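*Asks:* sequence? don't have it. structure:
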């Protein structure tokens, strides 16, 4: 019957794989195609705009550099003196070449008098066109009454080098206008500046849409105007589609156009679609094959789990299951094995805890109030009856409460406050015995007093301190300190008795930590073992001692309050 069920699950699992394959494949195809298209578009737009920003930054720095330089140079005393008296020429040219050599975009310098005659120039050779252009610049500035001029003009100089843009500035001397200082920047250097990677065409135009420089002359139209119109950010150039981005440089009144060709064509989209169709068909057959293998493997894992569970139901506590598939079934098998291991550990621990509880109860009845202790108390009572009746009554009441609490069966856990009240009664009887040779103090936080602790947790430590503290000293002080730290309740019982040597301390620690103790210190061993079984190996008691100075016993348990204990008790019942 189980074999038939396994086959049914295997078939349904295989059909589920096949049934749900077409949808994710189709969805994957559509999403990937959209991703490729969108990513290509975003990459194109981003590259084009980033190129525009980079070019704009470089041009802005170049423009400000020339504008500031021509203003500074026109006010330079050497330039003014040269325009007035033709002196200091070497100084003028030295300063110009020092500036020009530091620029990416090189330039030509001219000093022209008020009539348009060239007084000095850095050009190796000037044509009539250049002279006329310089004269026209001077006449235009004079006619318009402007001190500074920037404009686009393409002027040919030696070796077929052209200038593309002009900066002009009046030279004002002591007696008035002395001439004009003109910088003309080379077109080829501007072209190099606007040529950046990941961008095909860059065009620099002025406020009149006149092309100052471009990396492709296809952008130039009639009258040297920018001819590539822009509709929806795309332009057509010789049948190819280009994305165009415009960036402004307000300080110069320039605009920068960057253009990149759209690489994706109809042919490329069809090729991509055909690739995905073929890939989907191959993937379909591959999934059929994998579905058959996976269904067979997964049903084998389920059969193992079912068999293990049936063995556990039959009482076989060693029915562990081992699955090495590396998937969720292996995780499920590991969790089942962990559960079975914990179940076995809990059975052993519960059995050990039950035995230990019985031993502790017997030891408490036999050792906590051994006849010698009761005999001493009765001797004090006999003396008190004769000397002080009230003291005798107090001894009787304290002893009766002490005996009643120690043999009570009202639960394993009590409030720390109640357990310390028991300790107070115990210490009262001991102080009646030892008089002023024994002092006791307790400093416990209010939060710690509300903690739930095992019954008779503190008293064995106190008794141990009294038992061994007087062996080397006549007087003994015992102090109890309690507080909560990082979710744990910590109680420290410190005495100033004789303490222990390092060797003896190691022996006592070994006795306390052993699982089967046959030596003395039965009280501390039983307390530590009980706490470990109840709360785990990270809890219990820790002993510190210095010979001749005293001993400190630290008890650490989880901080639990009455409400949580009641809930857990209710759930357990």
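*Replies:* Received, thanks. For clarity, every value in this text was computed on a predicted model and none was experimentally measured.
*Asks:* what about residue 150, how many residues close to it?
*Replies:* 18 (other Cβ atoms under 10 Å). The C-beta positions use only the backbone N, C-alpha and C, and glycine is treated the same way.
*Asks:* show me the contacts for it.
*Replies:* Each residue near residue 150 by Cβ atoms under 8 Å, 6 or more residues apart in numbering is listed here: 67, 165-168, 252.
*Asks:* hmm, try it at 6 Å
*Replies:* By Cβ atoms under 6 Å, 6 or more residues apart in numbering, the residues touching residue 150 are residue 167.
*Asks:* Which element, helix or strand, includes it?
*Replies:* strand 148-157 (DSSP states H and E).
*Asks:* Which residues in that strand does the neighbour count mark as buried?
*Replies:* Residues 149-150, 152-155, 157 are the ones in strand 148-157 that count as buried (16 or more other Cβ atoms under 10 Å).
*Asks:* ok, now stretch 543-561?
*Replies:* Buried, per 16+ other Cβ under 10 Å, within stretch 543-561: 543, 545, 550-560.
*Asks:* Please name every helix or strand in contact with the longest helix seen in the chain.
*Replies:* When the chain is parsed with DSSP state H, its longest helix is helix 22-74. If you count contacts as 3 or more Cβ pairs under 6 Å, 6 or more residues apart in numbering; DSSP states H and E, helix 22-74 packs onto strand 161-173, strand 176-186, strand 240-249, strand 254-261.
*Asks:* So which of those strands is nearest residue 226?
*Replies:* Checking those against residue 226 by Cβ to Cβ gives strand 254-261 as the closest, at 7.0 Å.
*Asks:* tell me the angle the closest one makes with strand 161-173.
*Replies:* 160 degrees (axes from the mean of the first three to the mean of the last three Cα atoms, to 10 degrees).
*Asks:* all strands of the stretch 351-500 of the chain, in order?
*Replies:* With strands called from DSSP state E, counting those that start in this stretch, the stretch 351-500 of the chain shows them at 413-415, 438-444, 452-454, 476-485, 488-495.
*Asks:* burial count for residue 317?
*Replies:* Neighbours around residue 317, by other Cβ under 10 Å: 12.
*Asks:* I'd guess it is in a strand, am I close?
*Replies:* No. Residue 317 is assigned coil when assessed by DSSP: H, G, I helix; E, B strand; the rest coil, not a strand.
*Asks:* Can you mark which positions in the helix or strand hosting residue 503 are buried?
*Replies:* Element membership for residue 503, per DSSP H and E: helix 502-513. Under the neighbour-count criterion of 16+ other Cβ under 10 Å, helix 502-513 has 505, 508-509, 511-512 buried.
*Asks:* With stretch 478-494 instead?
*Replies:* Going by neighbour count (16+ other Cβ under 10 Å), the buried part of stretch 478-494 is 478-482, 489-494.
*Asks:* So which residues make contact with that stretch?
*Replies:* By Cβ under 6 Å, 6+ apart, the surrounding residues in contact with stretch 478-494 are 440-445, 447-448, 451, 461, 465, 495, 552-557, 559.
*Asks:* And the spatially most central residue of the chain, its phi and psi?
*Replies:* In the chain, the residue lying closest to the centroid (Cα atoms, centre = their mean) is residue 486, at 24.9 Å. Here is the backbone geometry of residue 486 (degrees, to the nearest 10): phi 50, psi 40.
*Asks:* Report the mean confidence score over the helix or strand hosting residue 338.
*Replies:* Using DSSP H and E, residue 338 sits within helix 328-363. Taken as a whole, helix 328-363 has a mean pLDDT of 75.
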